[in-house]
Every structure is written in structure tokens, then in C-alpha cells.
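K.L.:
let me see the structure of the following:
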Amino acid sequence: MSDFKFCPICGVSLTLRSVDGDGGKIRLTCPEGHWTHWDNPLPVLAAVVEFDGHILLARNAAWQDNMFALITGFMERDETPEQGIARELKEETNLDADQITLIGVYEFMRKNELIIAYHVKASGTIQLSAELLEYRLLPPAKVKPWRAGTGYAVADWMRQQGLEVEFVERPILVE
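P.N.:
Okay, here's the model as predicted:
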């Protein structure tokens, strides 16, 4: 479940119970009826970024060496998914999103997220934010998707391009 312990309305300790009309799912609720923690998945945006004919993959500052993946981020209030992925791309790489095309929507239950993935044709000059340590530009045919989360979006995009898909077990390890 989550780290919630107290009702944000009245401060009483939350309890686990089945919520009426919710198919018997157990939820954290206020025993006084003020609040229910639904624990719905968070929408995450992801981009297969095409830049100068190559796919841009980046390494997050928290990741091990040689591990690279897509540009991702959370949607913010009052923005469309397309606006959100353009904002994330600009914030993390300084690139402009010239063309944004939906690839698909993917579950990522391990992190309670719903991934909305796009193919983004980008232009500009790459300047990484402090969140990212380095990047790689790979020819599309050399990209190898991973069997989780955004990896399935990469595989679907590759298939749309007529490219052969060869999965690896985790985000790309680049030599």
C-alpha cells in the first residue's frame, strides 16, 4: 500500500477496509468517512527521442554506469500529455519537440504507474540537466528494448519502423 497513516481531513488513524461498490478491494480509509486513499497509478510520460536520425538514450544520475533509457517524467497539473513530454524533453535535454506521435499506453505495476509513450522528433542543442549524467545517440536498428515499462514502447516503435526487435533483460547497457 502506501505510507499514509492518518486522515488528511481529521487526523484520525486510517484503517484498511473494503469500500462499498469497489469490487471488494481493500483501501486505506478514514473510519469517520472523510477520506479514502484510492492509490491509483500515476501517469508517466516517456519519449523515444529521434535526434538527427538517431535515438537519444540518457543515464539518470541515480543509475549504474552504462545504463541508459528513455526520457521520462510525470505529468503536471493543467498540461496535456503532449505538452508534458515536450516540457520534460526541454527540461532534461534542452531539445525542442518538433513532432510528437503517440506510440501507446503501457502498465508498469511494479511502480504503480501508467506510461504514456511518444515518438518525439527533436531539434536543438543537447544540454543535459543535473538529473542526467550522460547520453548516447544510437542508430535505431541498434536499440535493444528491455522487458519492462518503457521497453515495450521502444519495441512497439521499432516494429512500427520495420526494425527487428531483440529484447535485453534491463535498460540498455551501452559499451
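K.L.:
domain ranges for this protein?
P.N.:
As assigned by automatic domain parsing, the chain contains the domains 1-39, 42-173.
K.L.:
out of these, deepest packed?
P.N.:
Comparing these by mean neighbour count (mean count of other Cβ atoms under 10 Å), domain 42-173 ranks first with a mean of 17. All C-beta spots, glycine's among them, are computed from the backbone N, C-alpha and C.
K.L.:
quick one: average confidence on it?
P.N.:
Average pLDDT, domain 42-173: 94.
K.L.:
quick one: the strands in the protein?
P.N.:
Taking DSSP state E, the strands of the chain run over residues 15-18, 26-29, 36-37, 42-51, 54-60, 67-68, 71-74, 96-108, 113-123, 132-138, 172-173.
K.L.:
the fourth one - contacts with which helices or strands?
P.N.:
This points to strand 42-51. On a contact count with 3 or more Cβ pairs under 8 Å, 6 or more residues apart in numbering; DSSP states H and E, strand 42-51 meets strand 54-60, strand 71-74, helix 81-93, strand 96-108, strand 113-123, helix 150-160.
K.L.:
repeat that for the fifth one.
P.N.:
Packing contacts for strand 54-60, counted by 3+ Cβ pairs under 8 Å, 6+ apart, involve strand 42-51, strand 67-68, helix 81-93, strand 132-138.
K.L.:
quick check, central residue of the protein?
P.N.:
Within the chain, the residue whose C-alpha comes closest to the C-alpha centroid is residue 44; the distance, by Cα atoms, centre = their mean, is 3.9 Å.
K.L.:
quick one: contacts for it?
P.N.:
By Cβ atoms under 8 Å, 6 or more residues apart in numbering, the residues touching residue 44 are 72, 73, 74, 75, 108, 113, 114, 115, 116.
K.L.:
with adjacent residues omitted, what lies nearest to the first one?
P.N.:
With Cβ to Cβ, 6 or more residues apart in numbering as the measure, residue 46 is the residue that lies nearest to residue 72, at 4.6 Å, once sequence neighbours are left out.
K.L.:
quick one on the thing from earlier: for residue 130, which of the helices and strands packed on strand 42-51 is the nearest?
P.N.:
Residue 130 lies closest to helix 81-93 among the helices and strands packed on strand 42-51, at 9.7 Å (Cβ to Cβ).
K.L.:
off-centre distance for the closest one?
P.N.:
Relative to the centre of its chain, helix 81-93 is centred 12 Å away, using Cα atoms, centre = their mean, to the nearest Å.
K.L.:
next: stretch 120-136.
P.N.:
Counting by Cα atoms, centre = their mean, stretch 120-136 is centred 16 Å from the centre of its parent chain.
K.L.:
about what we covered before: can I get the helices and strands packed on strand 54-60 in JSON lines with distance to residue 59?
P.N.:
Below are these laid out as JSON lines (distance: least, Cβ to Cβ, whole Å):
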{"stretch": "strand 42-51", "distance to residue 59": "14"}
{"stretch": "strand 67-68", "distance to residue 59": "5"}
{"stretch": "helix 81-93", "distance to residue 59": "12"}
{"stretch": "strand 132-138", "distance to residue 59": "5"}
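K.L.:
understood, closing this out.
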